[in-house]
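Novice: Generate a structure from the sequence data that follows.
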Amino acid sequence: MPQIRDWKGMQDMSARLLQEQTGEDVEAWNQRIAVEGFDDENSLRNWLTQRGVTGYAQSLLVMERFGYPDFFLASADELIDGQYADRPQLRPIFDAIIDAAAGLGEVIIQARKTYVSLVTPRRTFARVQPGKDRVNLALRLEGQIPGGRLQPSKIHESMSLQISLATLDEVDSEALHWLQQAYDQNC
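Specialist: Alright, predicted model coming up:
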């Protein structure tokens, strides 16, 4: 069974980056921010940038101050269930992709609000995102040109190709071959 991550892993990573960048933990920064009394996100972001706190660490502190979005606090199962709540006919397609990914090797499933990333120990190799009437499987396939079922991806710039799957039967040997290729190129 692949490891499934929700936003908690991202939160932990951001806290670790903050500690590495500044030598201070989240609680110490929260105290400093409370003393400053920021009323808006832009002022806080500018203040943090001036102190060398950027990227994920900065976003973490902004959420600490102004609140976390609901999806950030949701479990991986809740996020995935939410993606397919209004299109239950697509859930079996998603499940088949995840089952296939579990057999590829070491795969981490990162659930987000609107998509799920499939990650090797090295980097993301695929993204699964439901559409209105299909599941889009974006793939990181270097040097592969669009053709046949492999179409230009609209999902993410680092995954230039995608396969659109409207039925469970379309999660076939060809689709699984391309998923395997993406895994092999990115592990």
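Novice: quick one: what helix or strand has Ala126 in it?
Specialist: strand 124-130 (DSSP states H and E).
Novice: check which helix or strand covers the residue in the chain sticking out farthest from the centre.
Specialist: When distances to the mean C-alpha position of the chain are computed (C-alpha atoms, centre = their mean), the maximum falls on Val35, with 33.6 Å. Following DSSP H and E, one finds Val35 within helix 26-36.
Novice: one step back: quick one: name whatever helix or strand follows the strand holding Ala126.
Specialist: Using DSSP H and E, the helix or strand that directly follows strand 124-130 along the chain is strand 135-139.
Novice: Ile155 contacts Gln129, doesn't it?
Specialist: Yes. Between Ile155 and Gln129 there is a contact under C-beta atoms under 8 Å: 5.5 Å. Backbone N, C-alpha and C define where each C-beta goes, glycine included.
Novice: Just the buried residues of stretch 57-74, please?
Specialist: By neighbour count, and taking 16 or more other C-beta atoms under 10 Å as the criterion, the buried residues in stretch 57-74 are 57-65, 72, 74.
Novice: so what does the longest helix belonging to the chain touch, helix or strand wise?
Specialist: Ranked by residue count and defined by DSSP state H, the top helix of the chain is helix 7-22. Contacts defined by 3 or more C-beta pairs under 8 Å, 6 or more residues apart in numbering; DSSP states H and E place helix 7-22 against helix 26-36, helix 55-66, helix 70-73.
Novice: how big is the angle separating it from helix 55-66?
Specialist: If you take axes from the mean of the first three to the mean of the last three C-alpha atoms, to 10 degrees, helix 7-22 sits at 110 degrees to helix 55-66.
Novice: ok, and what's touching the helix holding Val35?
Specialist: Contact with helix 26-36 is made by 15, 18, 22, 44, 47, 53, 60-61, 64-65, as judged by C-beta atoms under 8 Å, 6 or more residues apart in numbering.
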